[in-house]
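how does the following fold in three dimensions:
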Amino acid sequence: MPEFYFHGKTWEDIKKLSLAEFSMLLPARERRAIKRGFRKDAKILLEEIKREPSKFHRTKNREIIIIPEMVGAKLGVYSGKEFVLLDIKPEMLGHRLGEFVLTRRQVKHSAPGFGATRSSKYIPLK
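Numbering: from 1, shown residues only. Model prediction:
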């Protein structure tokens, strides 16, 4: 298995960085979001992950930026209908939780149903 690198730094180096130093490796939008601080529900989730990293945690907050403390956690992220299991991996660093849990599914159309066309209006049901 190849060694993981994030912007030229190994996983061991990234774990040693503070949150401010890690944010300097991220793009401007994520760096600004971390600089402004996490919301209350995001702070609660991070504390729960620190306390019990192996436990399954559920959240509806899809805009949390994935930081090194979250790697290895199992999260249930809300897709608008259900909580989808998400295992946080090092490759996900710097992205938001919502990017990995889709809210829409692909529509597969089949034949038109009864009453979909003008001609099917006069077809007897039996």
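
correct me, but Thr10 touches Leu17?
No. Contact between Thr10 and Leu17 fails when scored by C-beta atoms under 8 Å: they sit 11.3 Å apart. Every residue, glycine included, has its C-beta placed from N, CA and C.

can you show me the helices along this structure?
With DSSP state H as the criterion, the chain has helices at 11-16, 19-23, 28-36, 40-51.

export the ones you listed as JSON lines, with columns for mean pLDDT.
Conversion of these to JSON lines gives the following (pLDDT from 0 to 100):
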{"stretch": "helix 11-16", "mean pLDDT": "92"}
{"stretch": "helix 19-23", "mean pLDDT": "94"}
{"stretch": "helix 28-36", "mean pLDDT": "95"}
{"stretch": "helix 40-51", "mean pLDDT": "95"}
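
with mean neighbour count added, can I get those helices in JSON lines?
JSON lines is the format used below for the helices of the chain (neighbours: other C-beta atoms under 10 Å):
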{"stretch": "helix 11-16", "mean neighbour count": "13"}
{"stretch": "helix 19-23", "mean neighbour count": "15"}
{"stretch": "helix 28-36", "mean neighbour count": "13"}
{"stretch": "helix 40-51", "mean neighbour count": "14"}
